[in-house]
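Peer 1: Quick one, what's the 3D model for this:
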Amino acid sequence: MNRIRINGIVQGVGFRPFVYKTAKKYNLRGYVLNSNDGVEIEVEGKESDLVIFIETIKKNHPPIARINHISIEKFPDIGYPDFLIRNSNESCGSTFISPDLRICLDCIDELHNPENIRYKYPFINCTNCGPRYSIILTTPYDRPLTSMKSFAMCNVCRREYEDPNDRRFHAQPVACPDCGPQLSFLDSLYNEIDGDPITNCYNELKKGKVIGIKGIGGFHIACDATNEASVSELRRRKKRPAKPFAIMCNINHLRNIVKCTDPISALLQSPLAPVVILPKVSPSPIAESVAPQNANLGVFLPYAPHQIMIFSEFDALEPLYLVMTSGNLNDEPIATDEKELIGLCDFYLTHNRTILNRCDDSVVVPSSKCNVILRRSRGYVPSPIHLPFVSDSILGTGAELKIAFCLADDELYYMSPYIGNNNSKDTEDFYKEMLDKYQEWFKIKPKLAGCDLHPDYLTTHIAERMRIPLVRIQHHHAHIAAVMAENKLDETVIGVSFDGSGYGNDGAIWGGEIFTTDYLGFERQYHLCYMPLSGGDAAVKRPVRIAYAYLEFAGISNSFLKGMSEFEKKIVSQQVKNNFNLFQTSSMGRLFDCVGAMLGLYPEITFEAQSAIALEQMCDIKILSEVTAYRYRILKNEIDIKPLLEDIRNDIVKGKSHALIALRFHKTIIEFTVNAIREVKSKTNIDKVVLSGGVMQNMILFESLIIELCKNNFQVYFSTELPNNDGAIALGQVIIAGRMKGKVKNVFGNSGANSKENK
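Peer 2: Numbers count the residues shown, from 1 in each chain. Now for the predicted structure:
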């Protein structure tokens, strides 16, 4: 007899029926059950059949299942008479939890089949699709431990649920119109409106109304994306003047609004179903205010049954394009109840299945090298990242923006969903809620924490209050370490970290950094020369102040700048002259802000990286090789950008096109980065380069740096499973904190080389 224990994403994905059918096929006897460890099997029969059985489980398991670890023990046969699926058993371990998954093709067919009992039922699902993460209370993943516990199954659903040969065998959210959740349509005062909720929703959308639509992991706020007045009104209510909105539409209308390749179409239709950033087409039916002054659109397809119904019911009349933006305000966590959206919506399409774990949409941007994740959430979490670094119950608390934590134990690293982009009370509450749940679900009680070096971050304060040993980690060191870990590197590398800001060891604001680094520490080889940031964080909202201060400090005429009053110019000039209320920064993100303001793009910005996005989109990458770089100087340990700023100023005065200036600016960054890295290699003989930081979301820089570095015989590493931005920084914090405290060991047996600078 073999006792088999399997850990991974093996619950709620049809794994037990698969095991049952496989055992029956080979005339084996025993049982399979869910436990907190994953799946437990006892099986006996002919040895040759047992071998085939185990190989089949390893190689042919359900496509959305994931086996992380399998153990096999041999015992004397017990004499089981048959093979059964037993009830779940609690144990002291933990198992993975499946992400929420897009509706599968089988369920879509049934949704549209008038003869099926679930015809037009907005909560259809099976073991291959539907909600998982968002409805689970605790493990093991059984119906009484989910938000479906209040819906008693009817006889039809129970027969399917109990039949191992049925696609819905132990599909915990299984339901039908007679026994499951129901949609309702409410007015702005939460009174229910008579009539079909889907029809009511469509009619009000076409009238230009703003609708809150409850989804799987939270609310979307929707409006007709072709109605300029409706989109503008949504912007006013959401206090989001310019940041692009995402568009949902059917696959057959997608190429009317964006350029889409077949591989990207497959990604959009995959169980992950992320928002994907793609180039706009012209002309387009989409209102300009959906993504103003932006060459791209974020698009995604209906992934929940009621979303499918909204589009399929009425799409035949005319193509339907909806703004479907996160149901929140000012980067708060996504709402799970309509009362959290008071004042934002005219109506609500809602339902009575509780969302226990909110989860925003994931966002991806394609590049020629990989699909770059901008936000890792629905479809991805809480699946762990498996790395060859054995850790001992460590928490990485994350940074200040793109907040996400990482909880790690053994070789499994559990990243939280995207939590928020500010330090509000709601964000803090959501963070603590998810941290408590992750500790319970995955049976990890952290013994050590890694946090950012910045003393005033919300995530730093959370770490300080945990009363466990704490390692404070420089921001860019963590950025690079996250990419190193993902690529299973454990040696000294050249790390490039370009972003907006990170607290430096010298108290300055870093962000244009080239290190030699391992997990134990780093040596700062090159950085952008320090420039004055007038008023610190306040200047980030007013890039024209950054430009004025930079030019003033560099002795370059700044009289051409627009968007500043004479009084404001006088104040900034005095600050630079007297070094009053100034912060020194080497930030690449602030350099983009400066150049954008010099071109008069955004004297004041309304969302993060607004100037950087505009500069990138001005560029025609096909002619990048035809332009010349601006001047710069590589000094002992600095990259002097003052000649660059002077050349840009001269081109502006000469009336050169913004597109040419933006292209030459990008060419300059690529050139000085590659040349600085070559200098580091000449001194250290290191040829492995890691690219990290939010600026690496700029596809011109990202792709060009990879190409140029490979031409120069460097091995280049970057992230494919995690964001380049601060959404991945917690993973780096875990690895660094554990290595510094001796709590993380590499299975390769290499503890990493020492370096010169660490905290």
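
Peer 1: can you pull out the helices in the stretch 451-600 of the chain?
Peer 2: 458-464, 475-486, 537-540, 543-554, 566-578, 588-598 (DSSP state H, counting those that start in this stretch).

Peer 1: Least reliable of these by average pLDDT, please.
Peer 2: Lowest mean pLDDT of the helices of the stretch 451-600 of the chain: helix 537-540, a mean of 79.

Peer 1: what sits against the closest residue to Ile136 other than its chain neighbours?
Peer 2: Counting by C-beta to C-beta, 6 or more residues apart in numbering, Thr146 is the residue found nearest to Ile136 once chain neighbours are left out, at 5.4 Å. All C-beta spots, glycine's among them, are computed from the backbone N, C-alpha and C. Taking C-beta atoms under 8 Å, 6 or more residues apart in numbering, we find Thr146 in contact with Ile135, Ile136, Leu137, Gln172, Pro173, Leu356.

Peer 1: sorry, back to before: for Glu160, which of the helices of the stretch 451-600 of the chain is the nearest?
Peer 2: helix 475-486 (40.3 Å; C-beta to C-beta).

Peer 1: tell me the most buried of the helices of the stretch 451-600 of the chain?
Peer 2: Sort the helices of the stretch 451-600 of the chain by mean neighbour count, taking mean count of other C-beta atoms under 10 Å, and helix 475-486 sits at the top with a mean of 29.

Peer 1: What helices and strands are in contact with that one?
Peer 2: Helix 475-486 sits against strand 385-396, strand 448-452, strand 493-503, strand 509-517, strand 688-692, helix 729-740, with contacts defined as 3 or more C-beta pairs under 8 Å, 6 or more residues apart in numbering; DSSP states H and E.

Peer 1: cutoff 7 Å now
Peer 2: Other elements packing on helix 475-486 under the criterion 3 or more C-beta pairs under 7 Å, 6 or more residues apart in numbering; DSSP states H and E are strand 493-503, strand 509-517, strand 688-692, helix 729-740.

Peer 1: ok and it relative to strand 493-503, angle-wise?
Peer 2: 140 degrees (axes from the mean of the first three to the mean of the last three C-alpha atoms, to 10 degrees).

Peer 1: What strand or helix carries the most far-flung residue of the chain relative to its centre?
Peer 2: Distance from the C-alpha centroid of the chain, by C-alpha atoms, centre = their mean, peaks at Gly79 (49.7 Å). Under DSSP states H and E, no helix or strand contains Gly79.

Peer 1: Give me the pLDDT for it.
Peer 2: Taking Gly79 on its own, its pLDDT is 93.

Peer 1: Out of the helices of the stretch 451-600 of the chain, which is closest to Cys129?
Peer 2: helix 475-486 (27.9 Å).

Peer 1: how long is stretch 397-410 from one end to the other?
Peer 2: Start and end residues of stretch 397-410 are separated by 18 Å (C-alpha to C-alpha, to the nearest Å).

Peer 1: now that stretch: mean pLDDT?
Peer 2: 95.

Peer 1: in the sheet, who's paired with Ile509?
Peer 2: On the basis of DSSP bridges, Ile509 is bridged to Tyr503, Thr585.

Peer 1: List the contacts of it.
Peer 2: By C-beta atoms under 7 Å, 6 or more residues apart in numbering, Ile509 lies in contact with Ser501, Leu533, Phe583, Gln584, Thr585, Ser587.
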